[in-house]
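# I'd like to go over a predicted model; first the sequence, then the structure.
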Amino acid sequence: MKILLPPSEGKTPSPTGPTLDLDGLSAPELTTKRKRVLAALKKVSQRRDALEKLGVGASLAADVERNTVLEEIPCAPALLTYSGVLYEAMGASELVAQSNDDDQLRDRLHDVHVFSALFGRVHGLDEIPAYRLAMKTDLGTLGKLTSYWKPVLAKSCSLDPAEVALDCRSSDYRSVWPGPTDQVVTMGAVSVSGGKRRVVSHWAKFYRGEFAGRLLSDDRALPETAEDLVSRAEEFYEVEFTASRSSKPANLMIVLRD
């Protein structure tokens, strides 16, 4: 089983750690492409209109300035570098700490894949710096990063024929590699109040992270099928499951009632 995660907009800079080693990251076939994005990001981040080009406000000027020295600053495991609701609900920092003495958990975190505008994809323990870059950004000569990464990841990413993937990504990151429709299960949340249903986004991030964390920390074997995923989710939530059809992957929906 693989767990597919989005990056967070905000990143947590590490106070200590090794500097970036692109050759040491997982999926080494992406190294050349990563170098090109890193060079383009550094160049754009040095421009006077860098904030505009990267689509961020003045409050994030320090993040953009940090983009110019990404090869010089300390790195940390991806699950510690990314932050926010999903990663907090996942208990990412605890999982990384526990993996130091737990080989099974460490192997599981290698099967957690975070899709990244800068690196294409990394696994949970890849050492990366805190950067600022969104997948929808246009980096000039490289164009929009969704278009840049899509054909690259189509060749790089794969699932074993009998493998299932829990997809916790947002649409921008799902579009660069949707994965095999019959093997991917997307996850969302809907609130029900007074007979009315409403799709929720913020809390969907929370429940995606929480469920992923519960799967990773469970001593039982990880789910092997969509049906297994549904059964495990039903231990904690009210869920609705829609099987895959045509070009749409299966969906696991958490139902939140008043």
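Arrived safely, thanks for sending. Numbering: from 1, shown residues only.
# phi and psi next, for residue 9.
Torsion angles at residue 9 (phi, psi; degrees, to the nearest 10) stand at phi -60, psi -50.
# right, and it touches residue 134 too?
Yes: counting by Cβ atoms under 8 Å, residue 134 is a contact partner of residue 9 at 7.2 Å. For glycine as for every other residue, the C-beta is placed from the backbone atoms N, C-alpha and C.
# would you map the strands across the stretch 151-258 of the chain?
165-167, 184-193, 196-200, 239-242, 250-257 (DSSP state E, counting those that start in this stretch).
# please name the nearest non-neighbouring residue to the spatially most distant residue from the centre of the chain.
Largest separation from the mean C-alpha position in the chain: residue 194, at 34.1 Å (Cα atoms, centre = their mean). Once flanking residues are discounted, residue 194 sits nearest to residue 258: 7.8 Å by Cβ to Cβ, 6 or more residues apart in numbering.
# next one: residue 119
Nearest one to residue 119, counting by Cβ to Cβ, 6+ apart, is residue 34 at 5.4 Å.
# run through who's touching the helix or strand harbouring the one you found.
Per DSSP states H and E: residue 34 is located in helix 31-45. Contact with helix 31-45 is made by 22-23, 25, 50, 53-54, 64-65, 67-68, 70-71, 117-120, 131, 133, 139-142, 145, 148-149, 152, as judged by Cβ atoms under 8 Å, 6 or more residues apart in numbering.
# just the residues you listed: which are in helices?
Using DSSP state H, the members of those that fall in helices are 50, 53-54, 64-65, 145, 148-149, 152.
# let's have those residues in TSV, adding pLDDT and neighbour count.
TSV is the format used below for the ones in helices among the contacts of helix 31-45 (pLDDT from 0 to 100; neighbours: other Cβ atoms under 10 Å):
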residue	pLDDT	neighbour count
50	96	19
53	95	16
54	95	21
64	96	22
65	97	13
145	97	24
148	97	22
149	97	27
152	97	19
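# would you reformat those residues as a markdown table and include distance to residue 102?
Listed next are these as a markdown table, based on distance: Cβ to Cβ, whole Å:
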| residue | distance to residue 102 |
| --- | --- |
| 50 | 42 |
| 53 | 43 |
| 54 | 38 |
| 64 | 37 |
| 65 | 38 |
| 145 | 35 |
| 148 | 36 |
| 149 | 32 |
| 152 | 33 |
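# may I ask which two of those residues are separated the most?
Within these, 65 and 152 form the most distant pair, 27.9 Å apart (Cβ to Cβ).
# hmm, residue 60 is touching residue 132, no?
Yes: counting by Cβ under 8 Å, residue 60 touches residue 132, with 6.4 Å between them.
# neighbour count: the two, which is higher?
Higher neighbour count among residue 60 and residue 132: residue 132, with 26 against 16, using other Cβ atoms under 10 Å.
# how about the contacts made by the nearest residue to residue 159 once chain neighbours are set aside?
Distance criterion Cβ to Cβ, 6+ apart; nearest residue to residue 159, sequence neighbours excluded, is residue 183 at 5.2 Å. Each residue near residue 183 by Cβ under 8 Å, 6+ apart is listed here: 159, 163-165, 249.
# quick check: the farthest pair among those?
163 and 249 (13.6 Å).
# where does the prediction get shaky in this protein?
Applying pLDDT under 70 to the chain flags no residue at all.
# mind checking the SS state of residue 106?
Secondary structure, DSSP: H, G, I helix; E, B strand; the rest coil: residue 106 is helix.
# neighbours of it, how many?
Should you count by other Cβ under 10 Å, residue 106 turns out to have 16 residues around it.
# leaving out the residues flanking it, which one is nearest to it?
In space, residue 106 is closest to residue 99, 4.2 Å off (Cβ to Cβ, 6+ apart).
# quick one: the one you found and residue 105 touch, right?
Yes: using Cβ under 8 Å, residue 99 is in contact with residue 105, at 4.5 Å.
# need the contact partners of stretch 132-140.
9, 11, 37, 40-41, 43-44, 53-56, 60, 63-64, 66-67, 115, 117-118, 144-146, 148-149, 172-173, 176.
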